[in-house]
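A.B. asks: Would you be able to build a 3D model of this:
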Amino acid sequence: MADDDGATSGGAGPEQAKMLRRRQRELRTAHARGVMQGVLSMLRPGDVVIDCGANRGSVSVPLAATGAIVHAFEPDPYNLARLTKAMRPFPLTVLHPCAAGTASGSVRLMRAENWQDNPRVASVSSTIIAGGRNIASDADQGFDVPVIDFPAFVDELTAKHGEIALLKMDIEGAELEILETMLARGQFAAIRLTIVETHERKFEHLRARFEDLRRAIGAAYPVTRVNLEWM
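C.D. replies: Have a look, this model is predicted:
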């Protein structure tokens, strides 16, 4: 993917670079919508799906509307209140008010620097990973939230249901360690489709690990099983 700083602008002026970045975002959004339409068409009532990084429910709601059992993870109280309201018509939804990690306990949730100016937009950037671009320091806006051992949760869900129809993951950098762990344990074999938005653009110090992860997953699974280019 192109870097957010306009690395694909090829020396274009500021306005041209801005237009190129906008066009790239539009293309990514269109692609994500297309993937989601395909996902919705494959789901059947009773299928088990996970929305990890549910935010305010823009993905959880259409997933639940198929009759699927939706496990929705969202640690930010601002989003969680809106997600809870959005999911009320869907009694098969299970809300998990916690972050996803590789060990249970508590973790610091950090918000975007512009949170106070526009919480609705900034809420998509809340993260438990330090060192991200445009993320406020702990002292400014961080607070502790519970975190679940997500690979262990996947094992429990698989043991109960046999198969997970969908795992959608968008968790602002925390996906890296989780995906590394799931790959090492062979957990993707029990998931019909995994779609992920990765965040190496925001975490420069993690880019090499993301590259290694992409190569390893690409060698082990086709994109029709594990798609790291959802967004």
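A.B. asks: residue ranges with poor pLDDT in the protein?
C.D. replies: 1-12, 21, 24-32, 34, 137-141 (pLDDT under 70).
A.B. asks: Point me to the residue sitting closest to the centre of it.
C.D. replies: Residue closest to the average C-alpha location in the chain (Cα atoms, centre = their mean): residue 170, at 0.8 Å.
A.B. asks: Test my guess that that one contacts residue 50.
C.D. replies: No - with contact defined as Cβ atoms under 8 Å, residue 170 does not reach residue 50; the gap is 11.5 Å. No exception for glycine: its C-beta is placed from N, CA and C like everyone else's.
A.B. asks: how about the strands of this protein, start to end?
C.D. replies: Using DSSP state E, the strands of the chain run over 48-52, 69-73, 94-96, 99-101, 105-109, 143-149, 164-169, 191-196, 226-227.
A.B. asks: The shortest one: how far from the chain's middle?
C.D. replies: So that's strand 226-227. 13 Å (Cα atoms, centre = their mean, to the nearest Å).
A.B. asks: Just name whatever secondary elements it is in contact with.
C.D. replies: Packing partners of strand 226-227 (3 or more Cβ pairs under 8 Å, 6 or more residues apart in numbering; DSSP states H and E): strand 191-196.
A.B. asks: Only the buried residues of the strand it packs on, if you could.
C.D. replies: Across strand 191-196, burial judged by 16 or more other Cβ atoms under 10 Å covers 191, 192, 193, 194, 195, 196.
A.B. asks: show me the contacts for the residue lying closest to residue 143 once chain neighbours are set aside.
C.D. replies: Nearest non-adjacent residue to residue 143, counting by Cβ to Cβ, 6 or more residues apart in numbering: residue 109, 6.0 Å away. Contacts of residue 109 were listed using Cβ atoms under 8 Å, 6 or more residues apart in numbering, and they are 75, 76, 99, 126, 127, 128, 142, 143, 144, 145.
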